[in-house]
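Undergrad: Okay, here's the prediction I keep looking at, along with the sequence it came from:
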Amino acid sequence: MSHASLPAFAEMKRRRERIAMVTAYDAPSAQLAAAARIDIVLVGDSAAMTVFGHTSTTSITVDELLILARAVRRGAPDLPIVADLPFGSYQVSDDDAVANAVRFVKEAGIDAVKLEGAGPVLRRVGAIIDAGVPVMGHIGLTPQSVTLLGGYKPQGRTAAKANRLVEEARALERAGCFAIVLEAIPEPVAAGVTRALKIPTIGIGAGAACDGQVLVWHDLLGLTRGHVPRFVKQYADLGDQAIKALEAYVADVRAGRFPAPEHGYSMPPDERELFESALVAPLDDEE
């Protein structure tokens with residue numbers, strides 16, 4: 001799949017082919033994602049925490065996320081790439097939303113942007129799509145508005161709230177979204193949303209009934225220090241491996257074992273002799 005084929009994801013849903021999406025924040029990670037045959041990459045505002053060390057997603061700026069998006073595009077020139085529009089970049093007005101979405105296309109070469117929520121956001125979705133930028137939706141737990149939701153809690157756990165999620169998803173589909181992320185909602189609700197749509201759903205903490213799944217790079221590779229959500233499956237423990245490697249490096253440096261001769265560069269013997277003969281010996285300290 002080339003990075004110009006976002007409509008192909010609806011065809012994947014029709015054929016019941018599962019979609020694998022992962023976040024990435026730099027060129028090396030994007031290269032590895034491409035080598036692993038990931039279907040689509042998200043340059044997530046989760047970088048606020050995973051890259052910049054903040055405690056929530058709301059702190060990251062458009063300019064910061066653009067730097068990461070450009071790096072990801074360079075690392076994976078042929079993958080479809082979606083970038084989050086960060087908090088504050090689309091909530092104020094249609095004009096702001098369109099201007100910021102266009103920046104990600106023009107300056108980073110990404111294929112689509114992702115917005116959280118429905119309701120008032122539907123106007124923004126329509127305006128961005130009218131400007132020629134594809135949009136991925138995101139409902140359920142929406143981290144940019146986590147304070148309004150009462151914290152990082154599952155959403156849609158009552159029939160009324162679950163039905164509202166279905167209606168939000170349908171509204172986003174009608175607005176033109178090519179896919180929707182469903183975060184932290186019960187699996188029966190995610191299954192209902194998925195059945196109600198022709199566009200694919202991408203789950204994170206939404207069970208196996210979604211058309212695809214997404215995980216944060218640092219979480220699935222074991223690079224996150226401290227708490228991770230219960231819906232994360234850790235596929236490697238690269239964090240502990242990195243610590244062990246760094247500890248070995250520190251020990252070698254302090255013991256003088258690194259660098260060894262094979263880690264350095266030589267010079268021709270005659271040139272070395274000329275160089276060393278030209279060195280002026282330091283004067284002895286005057287008594």
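TA: That came in fine, so what should we check first?

Undergrad: residue contacts, Thr224?
TA: 50, 216, 218, 239 (Cβ atoms under 8 Å, 6 or more residues apart in numbering). The C-beta positions use only the backbone N, C-alpha and C, and glycine is treated the same way.

Undergrad: Most widely separated two among these?
TA: Pairwise distances across the contacts of Thr224 (Cβ to Cβ) peak at 13.3 Å, for the pair Val216 and Gly239.

Undergrad: of the two, who's got more company?
TA: Val216 (23 against 15; other Cβ atoms under 10 Å).

Undergrad: Pairing-wise in the sheet, spell out the partners of the closest residue to the more buried one other than its chain neighbours.
TA: Leaving aside its chain neighbours, Val216 sits nearest to Thr23 (4.9 Å; criterion: Cβ to Cβ, 6 or more residues apart in numbering). Counting by DSSP bridges, Thr23 forms beta bridges with Leu42.

Undergrad: so Thr23 makes contact with Ser46?
TA: Yes. Between Thr23 and Ser46 a contact is recorded at 6.1 Å, counting by Cβ atoms under 8 Å.

Undergrad: any residues in contact with both of the two?
TA: Joint contacts of Thr23 and Ser46 (Cβ under 8 Å, 6+ apart) are Val216.

Undergrad: quick one: which of these two has more around it?
TA: Shown here are Thr23 and Ser46; by other Cβ under 10 Å, Thr23 has more neighbours (26 against 20).

Undergrad: residues in contact with the more buried one?
TA: 41-44, 46-47, 50, 214-217.

Undergrad: how many neighbours does Arg73 have?
TA: Neighbour tally, Arg73, other Cβ under 10 Å: 23.

Undergrad: With the one 10 residues further on instead?
TA: By other Cβ under 10 Å, 30 other residues sit near Ala83.

Undergrad: Quick one: list the elements packing against the helix or strand containing it.
TA: Using DSSP states H and E, Ala83 sits within strand 81-84. For strand 81-84, the elements it packs on are strand 40-43, helix 62-75, strand 112-114, judged by 3 or more Cβ pairs under 8 Å, 6 or more residues apart in numbering; DSSP states H and E.
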